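Visitor: give the three-dimensional model of this entry:
(chains A, B and C)
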Amino acid sequence: MRLTVAQLAKRLEAELVPIKSGADPDKIGSRPPLLLSKEISGVGPVETADGSEVTFISDDKHKAALEGSRAGAVIVSAHLDGLDKPQLVVKNVNAALIEALNIFAPKLKAVTAGIDPTAKLAQDIKIAEGVFVGAGVVIDDGVEIGENSVIGNGCKIGENSKLGKNCRLDSNVVIYHNCRLGNNVVIQANSTVGSTGFGYSFIEGAHRLIPHNGGVVIEDFVEIGANCCIDRAKFYNTIIGAGTKIDNLVQIAHNVVIGKCCLIVAQAGISGSCKLGDGVVLGGQVGLADNVEIGDGGMIGAQSGLSHSIAAGQQFMGSPAIEKRESFRIFGLLRRLPKMAKQLKLLHKRVEKLEAAEDDKK
Amino acid sequence: MRLTVAQLAKRLEAELVPIKSGADPDKIGSRPPLLLSKEISGVGPVETADGSEVTFISDDKHKAALEGSRAGAVIVSAHLDGLDKPQLVVKNVNAALIEALNIFAPKLKAVTAGIDPTAKLAQDIKIAEGVFVGAGVVIDDGVEIGENSVIGNGCKIGENSKLGKNCRLDSNVVIYHNCRLGNNVVIQANSTVGSTGFGYSFIEGAHRLIPHNGGVVIEDFVEIGANCCIDRAKFYNTIIGAGTKIDNLVQIAHNVVIGKCCLIVAQAGISGSCKLGDGVVLGGQVGLADNVEIGDGGMIGAQSGLSHSIAAGQQFMGSPAIEKRESFRIFGLLRRLPKMAKQLKLLHKRVEKLEAAEDDKK
Amino acid sequence: MRLTVAQLAKRLEAELVPIKSGADPDKIGSRPPLLLSKEISGVGPVETADGSEVTFISDDKHKAALEGSRAGAVIVSAHLDGLDKPQLVVKNVNAALIEALNIFAPKLKAVTAGIDPTAKLAQDIKIAEGVFVGAGVVIDDGVEIGENSVIGNGCKIGENSKLGKNCRLDSNVVIYHNCRLGNNVVIQANSTVGSTGFGYSFIEGAHRLIPHNGGVVIEDFVEIGANCCIDRAKFYNTIIGAGTKIDNLVQIAHNVVIGKCCLIVAQAGISGSCKLGDGVVLGGQVGLADNVEIGDGGMIGAQSGLSHSIAAGQQFMGSPAIEKRESFRIFGLLRRLPKMAKQLKLLHKRVEKLEAAEDDKK
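Guide: Numbers count the residues shown, from 1 in each chain, chains lettered A, B, ... in the order given. Modelled structure (predicted):
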């Protein structure tokens, strides 16, 4: 896909600000001329974009790098003075960036609806129109799949599980029985949903598995990365709220309830029966202990280990996690610990000296 | 499945204690009447169970919540006074809970023995009676599978690997060559057993792989979660002892030897040649360095990093991990660090003042 | 495979030093005689190798254990005096160990080139000679696979992805579209390459996915463990440099660039746009924050969390990670914290006493 800067501006509904008002773009310094008729064929970050790419300024860090950028055009939220490249002024840079990336996305063949002959479908299932079922897929009885959903090769969908419309399961995703996915759910390759959780009772010298009678409910617009595990519930359901996004290699244990629009970064692990409100953010490799509750908008820093519940809006860090500002303060003091130890030693000597002087007087 | 409270009590071999001795159950306050003939159709935790569900009191935390519970009946280990619902008194609440969950488990179709026509079986294999082999499974030469084992779709079982009776490999599990699974081993979806370990020698400017001539031995009643990795040994075997249970996304490196009845929680990682005794518990996201040994019953807290061996029964925490009580003490002091820094500064001033007074006297 | 000690020495191009010069090997103490004609059929570590196995001394730790070793012969880099077993003196013990392990490796059937009839190949692909494509594999249009590469069962190779020669994808590996693998790349089972990264913009009340127009480039001789995730780039490519080795369950986010000959240990997680130089080592469960850069030869200790860039050769530890020696010092002081708190309290009392004495004088 190739568009002139002018065409791109139109597609992005952007106001087009030409190069340095009044200046002849063909004569700007030693840089190659950057014309509005210049063709753009991709998107790149400000540091590396070349003349055939449009770049974007979504934060001040980008702005600093803009000076030396060779990008053919730049998406901005407000006109920047003295810039030697065309500017596409938009209301929301992030939204325009998504649009631009979509415009220049590599062309892939469209998925054609249909059931691969090597897929193994049980008798009693309901597959809506427009659904694609890939090679080697196994679908058990009672399964329902909504319109235009795409089931990649090697997937398994267990008994009575239901998927909504426009879902996408990539290759080798496994959905166990009695799980429910809403509409527009995406699960990337090699992820597992509905596995039996890690619940054992130690009885007569052995760990005996506690049956997991519940399922998993994944609401609309949830997106789940690759190689994730979401365990089914012992009772009722493990629930992932609408619009929540989950990165790769994340572990979500039985009976966890996650609110809407949360972000769970890679390799985080959520223990059994935790409850997350809406808009919660867990950094990478975070661990939550059993039964922890996090209020709406709570944020847990990467690698933190949270072992108690926190209220809405709180930000915690560290392992064990404490309030973020306290954590920073303590970490700063930790690095001063060698100095403190030295000061303490020195002070000890000075006190001894004072005591000796005092003793002399007696 | 629906059972009256009386029928359920019989099934659980429980002593049935009717509602408030002497009281007419139909007249207890404003609550709906809870009769022994009431039908129970499920199990629920004390906080959320409704009148159609039986709940259970397996620890004191549950007892506190029992007051407001709407559960139709309750499984207890000893009769509780003044309770407005039927009590099922059993010897072991956890065992009765497992039984009750089994009674009310969702009905799934039984797996029918047989080899799916799309499975690709080598010539020289031994498949016992009652075995199920799913779609797209690949089984290499020399493989043996014991009675009633179930091999889910998309699995691979490499050359000469042997599985015992009643094993269950869920979808897309990969067992490399020369691995041995005992009886009643369960491995959930997308797990990998027998991958080559991470052993390299840096020779002439490149990392060269050390061949892994060994295999993996998984003993009876081991249960392994989804998306786990268990590497084969360089020498002899990586061994998982009988009755050990492993959660999701766990990494077990080459030549690790794990004892019997251990619990390894999600996302833990065990480095090469570690040795765990019997009954060891590793919390979630724990990391063990190479060659660490943990004596019987050792417990490592979640997210800890243990870099040295510990004796039987020891409990360690933190990264790097130290003895649990010391860890608690130090963490408590860490939070007092800002105060200590202030005290030290103040004390410094007071000593200076004393020194000045002392100087004045000279 | 069985070789006499003499034959093995020849195969390893080792100088063979017979048992205790001058001594009659059949008369050495109570140990069984260890003759050069003794047959060796395997390799074992010094602590456990028996008379039919050759062992090796690659570090001093091994040397200490050699005294009691029952090994039939030993690979050493220099002749050891007074040893009661034949010595194979080689230039490089690690290289000889690899060779010995290869000699005694369990025999497996060779993979035969060919396309399994259940594989689903698109029309417009190029498969070179000698390639094996396993059962249930799906290969999309535009894919190219170089000579002698082996694609295990259940793999998926997405549109336009290219693999070089001698690559090996084990079972159920998923390569998304527009990825490029060099020659001699190995990816173990259930790993995912080219999944969409975790990049969202919060727009009008919802997290909207930022399209990932880029791909993944994996250079020659890269080896990747099982159940790993390597995300595709938003722009250009996520790159894994030649000769880099990656353990199991590792997360590599979008736009990460990894240099040559790095080692990334299990469960490490590398956030978006990180740049690693050549020869970098990340310990197990390490986490890197977004945009972190690590210079050539940098080393990050296990479980560390690095949130800022570091120069070549630096070694960092801890979460948050600091310079390694400082980290050791601080951790040592941490354990002295209870003592320091006590000293501070005591000192406080002594100062109070001095102040009281001073007051008395006024």
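
Visitor: any low-confidence regions in chain A?
Guide: Counting by pLDDT under 70, the ranges of chain A that qualify are A:20-36.

Visitor: hmm, the longest helix along it touching chain C?
Guide: As assigned by DSSP state H, the longest helix anywhere in chain A is helix A:337-361. Yes. Helix A:337-361 comes into contact with chain C (CB under 8 Å from any CB of the partner chain), by way of A:337-338, A:340-341, A:344, A:347-348, A:351, A:354-355, A:358. For every residue, glycine as well, the C-beta is placed using N, CA and C.

Visitor: Throw these into JSON lines and include distance to residue A:320, thanks.
Guide: Output for the residues of helix A:337-361 next to chain C, formatted as JSON lines (distance: CB to CB, whole Å):
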{"residue": "A:337", "distance to residue A:320": "19"}
{"residue": "A:338", "distance to residue A:320": "24"}
{"residue": "A:340", "distance to residue A:320": "22"}
{"residue": "A:341", "distance to residue A:320": "24"}
{"residue": "A:344", "distance to residue A:320": "26"}
{"residue": "A:347", "distance to residue A:320": "31"}
{"residue": "A:348", "distance to residue A:320": "32"}
{"residue": "A:351", "distance to residue A:320": "35"}
{"residue": "A:354", "distance to residue A:320": "40"}
{"residue": "A:355", "distance to residue A:320": "40"}
{"residue": "A:358", "distance to residue A:320": "44"}
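
Visitor: now, of the residues you listed, which are buried?
Guide: A:337, A:340-341, A:344, A:347-348, A:351, A:354-355 (16 or more other CB atoms under 10 Å in any protein chain shown).

Visitor: any idea what residue A:186 is bridged to?
Guide: Beta-bridge partners of residue A:186, counted by DSSP bridges, are residue A:168, residue A:223.

Visitor: and the longest helix of chain A, what does it pack onto?
Guide: On a contact count with 3 or more CB pairs under 8 Å, 6 or more residues apart in numbering or on different chains; DSSP states H and E, helix A:337-361 meets helix B:337-361, helix C:324-335, helix C:337-361.

Visitor: and for the closest residue to residue A:121 other than its chain neighbours, the neighbour number?
Guide: Leaving aside its chain neighbours, residue A:121 sits nearest to residue A:139 (4.8 Å; criterion: CB to CB, 6 or more residues apart in numbering or on different chains). Counted with other CB atoms under 10 Å in any protein chain shown, residues neighbouring residue A:139 total 24.

Visitor: run through the bridge partners of residue A:139.
Guide: With DSSP bridges as the rule, residue A:139 is bridged to residue A:121, residue A:157.

Visitor: so it makes contact with residue A:160?
Guide: No. Contact between residue A:139 and residue A:160 fails when scored by CB atoms under 8 Å: they sit 11.1 Å apart.

Visitor: on that earlier part again, so which of the helices and strands packed on helix A:337-361 is nearest residue A:228?
Guide: helix C:324-335 (32.0 Å; CB to CB).

Visitor: and that closest one with helix A:324-335, angle?
Guide: 100 degrees (axes from the mean of the first three to the mean of the last three CA atoms, to 10 degrees).

Visitor: got phi/psi on residue A:78?
Guide: phi -150, psi 150 (degrees, to the nearest 10).

Visitor: residues from the stretch 101-250 of chain A in reach of chain B?
Guide: A:118, A:120, A:136, A:138, A:140-141, A:154, A:156, A:159-160, A:172, A:174, A:176-178, A:190-192, A:195-196, A:198, A:200-201, A:203, A:205-211, A:213, A:227-229, A:231, A:234-236, A:249.

Visitor: do stretch A:246-265 and chain C meet at all?
Guide: Yes. Stretch A:246-265 comes into contact with chain C (CB under 8 Å from any CB), by way of A:247-249, A:261, A:263, A:265.

Visitor: now go through the residues of the stretch 101-250 of chain A next to chain B and say which are in strands.
Guide: Taking DSSP state E, the ones among these that sit in strands are A:120, A:138, A:156, A:174, A:192, A:195, A:200-201, A:203, A:206-209, A:229, A:231.

Visitor: from those, which are also near chain C?
Guide: Of those, not one also sits near chain C (CB under 8 Å from any CB).

Visitor: figure out how far the longest helix of chain A is from the centre of its chain.
Guide: 54 Å (CA atoms, centre = their mean, to the nearest Å).

Visitor: kindly report the same for stretch A:59-66.
Guide: 23 Å.

Visitor: next one: stretch A:139-146
Guide: That offset, for stretch A:139-146, works out to 29 Å (CA atoms, centre = their mean).

Visitor: and the end-to-end length of that stretch?
Guide: For stretch A:139-146, the separation between the terminal residues is 14 Å (CA to CA, to the nearest Å).

Visitor: likewise stretch A:164-181?
Guide: Stretch A:164-181 end-to-end distance (CA to CA) = 6 Å.

Visitor: try stretch A:136-149
Guide: First-to-last residue span, stretch A:136-149, CA to CA: 16 Å.

Visitor: buried sites along that stretch?
Guide: A:136-140, A:142-146, A:148-149.

Visitor: for PyMOL, what selects the buried ones among the residues of the stretch 101-250 of chain A next to chain B?
Guide: This is the PyMOL syntax for the buried subset of those, where burial follows 16+ other CB under 10 Å:
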select buried, chain A and resi 118+120+136+138+140+154+156+159+160+172+174+176+177+178+190+191+192+195+196+198+200+201+207+208+209+210+211+213+227+228+229+231+234+235+236+249
